[in-house]
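Asks: 3D model of this:
(2 chains, ligands or ions: 2)
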Amino acid sequence: MSGELDFEGPASYVGRSVSRPNARRLAEGRGQYVDDIVLPRMLHVAFVRSPHAHARILSIDTSRAERMPGVRRVATGADIARICKPYVGVLTHLAGMRSPPQHPLALEVARWQGEPVVAVAAESRAEAEDACEAVEIAWQELPAALDAERALEPGATVIHAEFGDNLCFRRVVDTGGVDEAFAGAAAVVEDTLSFGRHTGVTLEPRSMLADYNAAEESLTAYHSGQSPHMMQAILASRLGLDEHRVRIVCRDVGGSFGIKIHIYGDEMAACALSIMLRRPVKFVADRHESFLSDIHARDHRVRARLAADREGNVLALEIDDLTGVGPYSMYPRSSAVECNQVLGLTGGPYRHKRYRATGTVVFQNKNPMSQYRAVGHPIATAVAEHMIDRAARALALDPADMRRRNLIPDDAYPCQSPSGMRFEQLSHHACLEKLVALMDYPRLRAGQAALRAQGVHRGIGLASFIEVTNPSPMFYGVGGARIAAQDGCTMRLDASGAIIAATGVTEQGQGTETMIAQIAATVLGVQMSCVKVLTGDTDKVPYGGGTWASRAAGIGGEAVLQAGLALKKNILEVGARILKTDAGSLDIADGRVVKRGTSEGLSLTELARIVYYRGNELPADFQPELVVTRHYRVKDYPFVFTNGAQGCLAEIDPETGFVRVLKMWCVDDCGRVINPKLVEEQIRGGIVQGLGGALTEHCRYDERGQLLNCTMADYLVPMAGEMPDIEVAHIQTPTRTSLLGAKGAGEAGTGGAPGALMNAVNDALAAFGARVTSQPITPDVVLAALGKI
Amino acid sequence: MNDAQEALDIELEVNGEHVRRRVEARRSLADFLRQDLGLTGTHLGCEHGACGACTVRVDGAIARSCLMLAVQADGARIETIEGLSDAGAIAELQNAFVLANALQCGYCTPGMLIAAQALLEADPQPSRDRIREFLAGNYCRCTGYQSIVDAVASVAAHRAARGPR
Ligand code: FES
Ligand code: FES
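Replies: Ligands and ions are numbered 1, 2, ... in the order given. Modelled structure (predicted):
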């Protein structure tokens, strides 16, 4: 069957950097984000949020707010709870995990600063905000549990009394033999690393426009999100609606990065209010409430130890990860997955056999924390790569040689990591060698030494990494979450001869629709301009998971490929009847059904006309089917791993502590590359997001649990002026789990960059006998490492 | 009714069209453009003057429409992404952005394009560093900026090769 597919030939769009057909619309400002949609009788909702990290609600007086101009409804937690059932963010396959039921708005106790408490629906957002200020709440402040390190200490404030302590989840991985390996090691290095909280800062804030139609008992939710069918299942079940009467529409999405894949109380409350008021209700977070309520990410403290022999062979690795996730585990994906990933992924590129890892997830009175782009990967990679570099330094080995010695050989696959991760086929050595060539590593090293003599302190950092992509049902479905791992594509040949492909994966700017069109056009032998792609509407696309965990190309793309093959077969059957030959002698080339090797035949437009309008010309016993649906799920592996290597050149100023990233390089192997340019841009954008978290982005809380930086002026996302150029190259090891062979690429940049950067900084600091172990690597972290503050 | 809710009449030119409206004194220019005129290509990322997503042209100079009140635009000439697109005023930049994939989600893009246009007006041959520096007030969370710099640099290079018109 794969003989039909020619991805290398001149007619293939797969492998070509075609530009995105939907980009021009966005470049003209003709996108349609949720806040751009205006419906008749639409109200706006704003929220009163808890000013305290932990406080009991003694009373709520809404009477004054209700009399304010334009106000149509003031709803408390109890009002919303009558419409919306609570939810529990637990995955059953994470043994022992627990989290209490959560309501959209706090009921008796608010458990983080920013938790929504009262909703006000009014004719305008401004009027809703005015009325929020008139809501009077009497609070009794409670002691807050903030520090993850102390969350489990005796006497700590217990956030959920019914649990007895603040433990959410704990897991231990142990291959055995770790202590023996350490006892016999020539070199043992250890460190405690910390990774601060940061958040996604999608430029378009979270948005939900809920439109309940009481006559139909139906709800249409225009949502800025990345998993429409997941939202459909959740809204239906929590709001007591028939699932097929809930429609989720995700049009243009102004960035998501995992932020918009979770269930938020304010969005649920907007839907509940639409039901209560029987009219459309719009919620668009302002930036301040984005910082207070969009999930935060990371916040890990990892103790790590690594043992190596005299030649530099890693013998064993041990980590202890502690992470605080706020007062609830997020629904429905939970807040334990990041820690679980850290345990599963740390050291994954290397061939040591002994590994012990403990992960502890605790509750605390801060904004909930959950999956954000590259879940767990930045931590896992930074920890392992830091320890590899430490060991290399201890043994006076070059970091590149240390990796050459320890990376799993490219011919050793399939194999399994000590944590149980199964690798189909990776290419660590090929990626590393391509990376050092791309960087001109020996010349960089020479340049570094020369500049150091002049008082310029540069460092070179390497990071080899793995990335979880193309998840199977083992990610969420197995844990009871209604999140599809399979995805589908419905493809049809329209009466005009155009190809319409509807897919369950979504577009948030990555180029999903372009990639789908490239595959469809290639399989069907038509021009890409003849293909229209439909995404982001549960009424119009086959059931699917959406776009997350780098699954759109690998899973969504394979469903498109399979649908294309099936539609092509049906088209050729029709062509055979018209051309009075057998289908096997026909092919489609440049939009025409032709006898193989000739140009004799008819266009798809003509074929479609015959089928749709002049069926009398076809044999009476033949019924053409020009609409097909195919699905795909990953069956052979829990995830299809990708791998790559990143390099970083950074300069530190030992006087100010300022770190400047001069250049980044990345070699990524995401299997078959459908559109090299789009992959490169995913990597670049991902790297900059990773650098942001590693350098400047930090959600800073004070000792009372107040978030100190809630504006874009004091939460620092990377700006154009301070980011480097990034060189990207590919290695292609197509996965054999699909015909397409594509794996994911959306998170590789973010996963690897913090590790490469930290190694570069420490390479520069080595001249001073100093090193940093915490991120973000702000100037004061560097100065503290240098003993200057 | 307090002062902020007091309504005032304003008259201005938006994308070449004469517009007369009564607006609340507290309404920002961005909200006025988006909500009163339906010009939703002007985006709001922070409403705080930090991100640049709301960048428009006011009397030929770039401004952050979230920081300006609609009443302050009384008598002014406003250009938004819609008007600039329809007039073809930034067509070269738009083509370059599409070719370089200098946009992903597109939320920052209208502001970024309008800022880039202003840069090339002020400095037709900016270095890459100058481009990065000038666009530092326009946040993009998706692209990592390099492709945006590439796109702007390619327009500058193309214009230099073509010579003055
Ligand atoms: S919305 Fe105006 S600068 Fe961000
Ligand atoms: S393209 Fe998404 S913020 Fe710039």
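Asks: Excluding chain neighbours, what is closest to residue A:146?
Replies: Spatial nearest neighbour of residue A:146, excluding adjacent residues (Cβ to Cβ, 6 or more residues apart in numbering or on different chains): residue A:705 at 5.1 Å. To be clear about C-beta, it is placed using only N, CA and C from the backbone, and glycine gets the same treatment.
Asks: How about residue A:770?
Replies: Nearest residue to residue A:770, sequence neighbours excluded (Cβ to Cβ, 6+ apart): residue A:785, at 4.4 Å.
Asks: need the longest helix for chain B.
Replies: helix B:146-162 (DSSP state H).
Asks: and it, C-alpha only, in PDB?
Replies: The C-alpha trace of helix B:146-162 is given here as PDB (Å, rounded to 0.1, in the frame of the first residue of the first chain):
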ATOM      1  CA  GLN B 146      13.400  35.300  14.400                       C
ATOM      2  CA  SER B 147      11.000  34.800  11.500                       C
ATOM      3  CA  ILE B 148       9.500  38.300  12.200                       C
ATOM      4  CA  VAL B 149      13.000  39.800  12.000                       C
ATOM      5  CA  ASP B 150      13.600  37.800   8.800                       C
ATOM      6  CA  ALA B 151      10.400  39.100   7.200                       C
ATOM      7  CA  VAL B 152      11.100  42.800   8.000                       C
ATOM      8  CA  ALA B 153      14.700  42.400   6.900                       C
ATOM      9  CA  SER B 154      13.600  40.800   3.600                       C
ATOM     10  CA  VAL B 155      11.300  43.800   2.800                       C
ATOM     11  CA  ALA B 156      14.100  46.200   3.600                       C
ATOM     12  CA  ALA B 157      16.500  44.200   1.400                       C
ATOM     13  CA  HIS B 158      13.900  44.000  -1.400                       C
ATOM     14  CA  ARG B 159      13.300  47.700  -1.300                       C
ATOM     15  CA  ALA B 160      17.000  48.500  -1.400                       C
ATOM     16  CA  ALA B 161      17.500  46.200  -4.400                       C
ATOM     17  CA  ARG B 162      14.600  47.800  -6.200                       C
END
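Asks: hmm, it touching chain A?
Replies: Yes - using Cβ under 8 Å from any Cβ of the partner chain, we find that helix B:146-162 touches chain A at B:146-149.
Asks: Closest one of these to residue A:532?
Replies: Of all the residues of helix B:146-162 next to chain A, residue B:147 has the smallest distance to residue A:532: 25.6 Å, by Cβ to Cβ.
Asks: Tell me, how many residues neighbour the closest residue to residue A:16 other than its chain neighbours?
Replies: Closest residue to residue A:16 apart from its sequence neighbours, by Cβ to Cβ, 6+ apart: residue A:675 at 6.9 Å. Per other Cβ atoms under 10 Å in any protein chain shown, the neighbour tally for residue A:675 reads 24.
Asks: so where does the residue nearest to residue A:146 fall, helix or strand?
Replies: Counting by DSSP states H and E, there is no helix or strand that carries residue A:705.
Asks: these two touch, right, it and residue A:111?
Replies: No - counting by Cβ atoms under 8 Å, residue A:111 is not a contact partner of residue A:705; they are 9.8 Å apart.
Asks: can you tell me which residues contact residue A:524?
Replies: A:499, A:531, A:564, A:567-568, A:571, A:588 (Cβ atoms under 8 Å, 6 or more residues apart in numbering or on different chains).
Asks: what do you get if the cut-off is 6 Å, keeping everything else the same?
Replies: A:499, A:564, A:568, A:588 (Cβ atoms under 6 Å, 6 or more residues apart in numbering or on different chains).
Asks: Close to ligand 2 as well: tell me which of these qualify.
Replies: Near ligand 2, judged by Cβ under 6 Å from any ligand atom, there are no entries from the contacts of residue A:524.
Asks: quick one on the thing from earlier: most neighbours among the residues of helix B:146-162 next to chain A, please name it.
Replies: Going by other Cβ under 10 Å, residue B:148 tops the residues of helix B:146-162 next to chain A with 28 neighbours.
Asks: Name the nearest residue to it, sequence neighbours excluded.
Replies: That would be residue B:102: by Cβ to Cβ, 6+ apart, it lies 4.4 Å from residue B:148.
Asks: Stretch A:260-267 near chain B at all?
Replies: No - figure legend: stretch A:260-267 not in contact with chain B (Cβ under 6 Å from any Cβ of the partner chain); closest approach 11.1 Å.
Asks: tell me the mean pLDDT for that stretch?
Replies: The average pLDDT within stretch A:260-267 is 97.
Asks: What is the end-to-end distance of it?
Replies: Stretch A:260-267 has its terminal residues 11 Å apart, counting by Cα to Cα, to the nearest Å.
Asks: what residues does that stretch touch?
Replies: For stretch A:260-267, using Cβ under 6 Å, 6+ apart, the contacting residues are A:47, A:104-105, A:116, A:206, A:208, A:224-227, A:234, A:283, A:295, A:330-331, A:370, A:548.
Asks: What is the burial count for the residue nearest to residue B:148?
Replies: For residue B:102, using other Cβ under 10 Å, the count is 30.
Asks: what do you get for the one 10 residues further on?
Replies: A count of neighbours around residue B:112, defined by other Cβ under 10 Å, yields 29.
Asks: and stretch A:327-338, how far apart are its ends?
Replies: 16 Å.
Asks: I would like the residues contacting it, please.
Replies: A:87, A:89, A:91, A:94, A:97, A:99, A:102, A:111-112, A:159, A:168-169, A:262-263, A:325, A:361, A:363, A:365, A:368-371, A:375-376, A:481.
Asks: Just the buried ones from the residues you listed, in ChimeraX syntax?
Replies: Of the contacts of stretch A:327-338, the buried ones can be selected in ChimeraX as follows, counting by 16 or more other Cβ atoms under 10 Å in any protein chain shown:
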select /A:87,89,91,94,97,99,102,111,112,159,168,169,262,263,325,361,363,365,368,369,370,371,375,376,481
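Asks: who's in contact with residue B:97?
Replies: A:27, B:103, B:151.
Asks: tell me, which of the residues you listed make contact with ligand 2?
Replies: Applying Cβ under 6 Å from any ligand atom to the contacts of residue B:97, those adjacent to ligand 2 are residue B:103.
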